[in-house]
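K.L.:
show me the folded form of this:
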Amino acid sequence: MTPATLTPVRPQRTAPAPPRSRFRRRGPFLTPYVFVAPFYVVFAAFGLYPLVYALQLSFTDWKGAGEARFIGLDNYTYLLTSEEFWSSLGNSAVMWLLIVPVQIVGGLAAAVLLANARLRLRGMFRVAFIAPFVTPLVAMAQVWIVAFDKDYGLVNHLLGLVGLPHVDWLASTAWAKPTLALLFLWKTTGFAIIILLAGLQAVPADVYEAAALDGASRQRQFWSLTLPLVRRSIAFLIVVQTLAVFQMFAEPFVVTKGGPYGSTTTGGLYLYNHITASDLGTGAANSFLLVLLVFALSLLSVRLLRSRDE
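P.N.:
Okay, the predicted model is just below:
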């Protein structure tokens, strides 16, 4: 008996798939870039191009009309040898000393209190601290002008009740800077508290529990745990507030107009004076010098607050 002969089955021919277009072949690769492209287009148009143009403008003499005349480093030389420029930086440095250390210490103390779960009315206190930060600055500046008026201000009225003499807060070279610093503190300390409170809440609770089991006191926990663990939040806050202080413009512009005798002319207000005088080349050079100064100060702050294991 012969085995049955098997007839081989011929495979059916299938029509070849249509060629995929180049865009379809590269579709998965290009998709992420298509979604992020709008950001880069907007950044290039409204961020990168103005920055490059301002850098180019800083090497020219241009009054806002006509052709810009290239003058090299003359704008930078003029600013670096200008007494008014260094005076504005000195005013900003004094304002920094009056604002940032006080804000770090006070903001950290308030954040520690608000992080305590046993504190009653925590929500109300958080709203009270953040309310000045979201209030328009011009409105607060007008309140400051009225409150610190020499003759009719509330502050001098309270001083008179306890037998102290009236102080010319806004027209005295000795008191104008502290008055503006107090306004800046009132306005932005809520922001500092939010940053520091976020850093405190990111610390695991079991770290404090382990320290308590080892017999560490509250003060020891604060110095050995809280401060090192919120170091990055403090560094970030110092960088942001350093930038804000050296760019401070609205507070002296509305309250003191840079006076008396230029004692409250900050770096930001001095830059604005160049713009209003149509000296755009010098103003552009001034802005880049401020950027370099703030960058150096921020880098120094970050390096000083960096932990040894980083």
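K.L.:
the closest residue in space to Thr256 that isn't next to it in sequence and Lys150, how far apart?
P.N.:
Counting by Cβ to Cβ, 6 or more residues apart in numbering, Thr264 is the residue found nearest to Thr256 once chain neighbours are left out, at 4.6 Å. Every residue, glycine included, has its C-beta placed from N, CA and C. For Thr264, the distance to Lys150 equals 16 Å [Cβ to Cβ, to the nearest Å].
K.L.:
same thing with Ile71?
P.N.:
45 Å.
K.L.:
cool, and Trp223?
P.N.:
44 Å.
K.L.:
one more: Leu269?
P.N.:
Separation of Leu269 from Lys150 (Cβ to Cβ) stands at 23 Å.
K.L.:
the more surrounded of the two?
P.N.:
Applying other Cβ atoms under 10 Å to Leu269 and Lys150 shows that Leu269 carries more neighbours, namely 23 against 14.
K.L.:
mind listing residues that contact the helix or strand that contains that one?
P.N.:
Assigned by DSSP states H and E, Leu269 belongs to helix 267-276. Defining contact as Cβ atoms under 8 Å, 6 or more residues apart in numbering, one finds that helix 267-276 is touched by 84-85, 88-89, 91-92, 246-249, 252-253, 258, 265, 280, 282-283, 286-287, 290, 293.
K.L.:
and what of stretch 38-56?
P.N.:
With Cβ under 8 Å, 6+ apart as the test, stretch 38-56 has contacts from 284, 287-288.
K.L.:
first-to-last residue distance for that stretch?
P.N.:
26 Å (Cα to Cα, to the nearest Å).
K.L.:
which positions in it come out as buried?
P.N.:
For stretch 38-56, burial by neighbour count (16 or more other Cβ atoms under 10 Å) applies to Ala54.
K.L.:
make TSV out of the contacts of stretch 38-56 and add neighbour count, secondary structure and pLDDT.
P.N.:
TSV is the format used below for those (neighbours: other Cβ atoms under 10 Å; DSSP: H, G, I helix; E, B strand; the rest coil; pLDDT from 0 to 100):
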residue	neighbour count	secondary structure	pLDDT
Ala284	23	helix	89
Ser287	21	helix	89
Phe288	17	helix	90
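K.L.:
tell me how many other residues crowd the closest residue to Ile71 other than its chain neighbours.
P.N.:
In this structure, Ile71 finds its nearest non-sequential neighbour in Asp61, 4.9 Å apart by Cβ to Cβ, 6+ apart. Per other Cβ under 10 Å, the neighbour tally for Asp61 reads 15.
K.L.:
all helices for the stretch 1-150 of the chain, in order.
P.N.:
For the stretch 1-150 of the chain, the helices defined by DSSP state H, counting those that start in this stretch occupy 22-25, 27-43, 49-57, 74-80, 83-114, 122-134, 137-147.
K.L.:
make a PyMOL selection of the buried ones in the contacts of helix 267-276.
P.N.:
Buried residues among the contacts of helix 267-276 (16+ other Cβ under 10 Å), as a PyMOL selection:
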select buried, resi 85+88+89+91+92+246+247+248+252+253+258+265+280+282+283+286+287+290+293
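K.L.:
report the buried residues of stretch 165-174.
P.N.:
167, 169-170.
K.L.:
which residues does it contact?
P.N.:
Here stretch 165-174 has contacts from 145, 148-151, 153, 155-156, 159-160, 175-176, 179, 255-256, 259-261, 263, using Cβ under 8 Å, 6+ apart.
K.L.:
same question, stretch 284-292
P.N.:
If you take Cβ under 8 Å, 6+ apart as the criterion, stretch 284-292 is touched by 54-55, 57-59, 75-76, 79-80, 85, 246-247, 267-268, 270-271, 274.
K.L.:
measure how far it is from the centre of its chain, please.
P.N.:
Chain-centre distance of stretch 284-292: 17 Å, with Cα atoms, centre = their mean, to the nearest Å.
K.L.:
number the residues from 581 up from this point.
P.N.:
New numbering, starting at 581: the last item is stretch 864-872.
K.L.:
CA atoms only: put it into CSV for me.
P.N.:
The C-alpha atoms that make up stretch 864-872 are tabulated as CSV, following Å, rounded to 0.1, in the frame of the first residue of the first chain:
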residue,chain,number,x,y,z
ALA,A,864,20.6,98.1,27.3
ALA,A,865,24.2,98.1,28.7
ASN,A,866,22.9,98.9,32.1
SER,A,867,20.4,95.9,32.0
PHE,A,868,23.2,93.5,31.0
LEU,A,869,25.4,94.7,33.8
LEU,A,870,22.5,94.1,36.3
VAL,A,871,22.1,90.6,34.9
LEU,A,872,25.7,89.8,35.4
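K.L.:
nearest to Phe709, of the buried residues of stretch 745-754?
P.N.:
Trp749 (24.3 Å; Cβ to Cβ).
K.L.:
correct me, but Ala791 touches Phe802?
P.N.:
No. Ala791 lies out of contact with Phe802 (Cβ atoms under 8 Å); the separation is 10.3 Å.
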